[in-house]
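Asker: got a predicted structure plus its sequence, pasted below:
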Amino acid sequence: QVQLAESGGGLVQTEGSLTLACVVSGGTFDRFHMAWFRRAPGKDREFVAAISWTGALTAYAESVKGRFTTSRANARNTLYLQMNNLQPEDTADYYCAGRAFSRSWRDYALQRAYEHWGQGTQVTVSS
C-alpha cells in the first residue's frame, strides 16, 4: 500500500520561508508524477505545484510562481516544496499527491488524476 507523509509545516512570519517534505513508501516513487495541493480555511483544495517522474518537468500555480519551488530526490523517495516570501494568503493545509507516470503529464493540476494522497501538513503565515 502506497503511503505519503508530509512534514515541515508550521508557523512563519510574512516573507519567511519553509520547506515541506513528502516521503513516499510502499510504492515506486521514481515512477510517480508528484504534486502539491493546498486547502485554505473555508476554501476548496487547489493545485500548487507538480513535478514529473523524472523531474524534468515542473508546473506551478500562478499565485506561487517565482516564490515556490518543487523538487524530488528519487533516491530518498522524497518530494520537496521550498516556499519563499510567504504571505498570509498562503496559509493552508498542504497535501502531496502521486500518480503513475504512465498517465498524461498534462493532467498535473487535476485532483482526480491523483491516486495517492498524504494527510497534509499545516502552514500558517502570520501578518
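Answerer: Cool, got the structure.

Asker: I'd assumed residue 112 was in a strand, is it?
Answerer: No - assigned with DSSP: H, G, I helix; E, B strand; the rest coil, residue 112 falls outside any strand and is helix.

Asker: any idea how far residue 10 is from it?
Answerer: 30 Å (CB to CB, to the nearest Å). Glycine gets a C-beta too; all of them are placed from N, C-alpha and C.

Asker: for the most centrally placed residue in the chain, give me the pLDDT.
Answerer: Centroid-nearest residue in the chain: residue 36, 2.1 Å away (criterion: CA atoms, centre = their mean). At residue 36, the model reports a pLDDT of 98.

Asker: so it bridges to which residues?
Answerer: Per DSSP bridges, the residues bridged to residue 36 are residue 49, residue 96.

Asker: got a list of what it touches?
Answerer: 20, 22, 48-50, 70, 79, 81, 94-97 (CB atoms under 8 Å, 6 or more residues apart in numbering).

Asker: and those residues, which is closest to residue 87?
Answerer: Among these, residue 48 lies closest to residue 87 (CB to CB), at 13.5 Å.

Asker: what about that closest one, distance to residue 28?
Answerer: Going from residue 48 to residue 28 by CB to CB gives 23 Å.

Asker: show me the beta-bridge partners of residue 78.
Answerer: Residues in beta-bridge contact with residue 78 (DSSP bridges): residue 23, residue 73.
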